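Undergrad: build me a model:
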Amino acid sequence: MIYLDVDALNERFWNTELTYLNDAEEQVTVPMSQKLDENGEPLEVDRDAPWVRWTINPGASVPDTTGPNPFFKNIGHAVLEVHVSKGMGTGAARDVQESFLAAFRKWSTPELQIYKTAMAKVKDEDFHKVTATVFYQSKRRG
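TA: Residues are numbered from 1 along each chain as shown. As a prediction, this is how the structure comes out:
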């Protein structure tokens, strides 16, 4: 049942346009080639353009009801890391971060809800890096 949460989150992520304003104030969409999952190899991306890494971290699963076919409450979080080269500044990274959070803040399915979001700036030697985290919960039959 946890895989259903992962599938729903992945579907939402891969169908979300992540955008930023370039130096000419034009809106640019991060191409699929710059969207990596947690196992994606960062050497394959264009390091002169924003690139992202997506990771889903399922958490606890506990029974929420009793009986022969109980519901389980599942919680977890998913993280988007946004990387931009040091020469770009953090504006593009913050734009991508915000476009991601806007797509997830009020999104839900009948079984899965986003209940909190968070943002952070992370120290990195090679890139400006910001993260966006969505915390989710679901209730599913076990």
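Undergrad: what pairs with the nearest residue to residue 45 once chain neighbours are set aside across the strands?
TA: Nearest residue to residue 45 in three dimensions, chain neighbours excluded: residue 51, at 4.2 Å (CB to CB, 6 or more residues apart in numbering). Any C-beta I mention is one placed from the backbone N, CA and C, and that applies to glycine too. On the basis of DSSP bridges, residue 51 is bridged to residue 83.
Undergrad: just give the closest residue to residue 94, not the sequence neighbours.
TA: Among residues not flanking residue 94 along the chain, residue 130 sits closest, at 6.3 Å (CB to CB, 6+ apart).
Undergrad: give me the number of residues near that neighbour?
TA: Using other CB atoms under 10 Å, the number of residues around residue 130 comes to 22.
Undergrad: and it, how far from residue 122?
TA: To residue 122, residue 130 is 7 Å away according to CB to CB, to the nearest Å.
Undergrad: okay, and the common contacts of the two?
TA: Common neighbours of residue 130 and residue 122 (criterion: CB atoms under 8 Å, 6 or more residues apart in numbering): residue 81.
Undergrad: show me where the protein has helices.
TA: Counting by DSSP state H, residue ranges of the helices within the chain are 2-14, 91-104.
Undergrad: who does the first one touch, helix- and strand-wise?
TA: So the one you mean is helix 2-14. For helix 2-14, the packing partners by 3 or more CB pairs under 8 Å, 6 or more residues apart in numbering; DSSP states H and E come out as strand 51-63, strand 71-85, strand 112-122, strand 127-141.
Undergrad: for residue 38, which of those is the nearest?
TA: strand 51-63 (4.0 Å; CB to CB).
Undergrad: elements contacting that closest one?
TA: On a contact count with 3+ CB pairs under 8 Å, 6+ apart, strand 51-63 meets helix 2-14, strand 35-37, strand 71-85.
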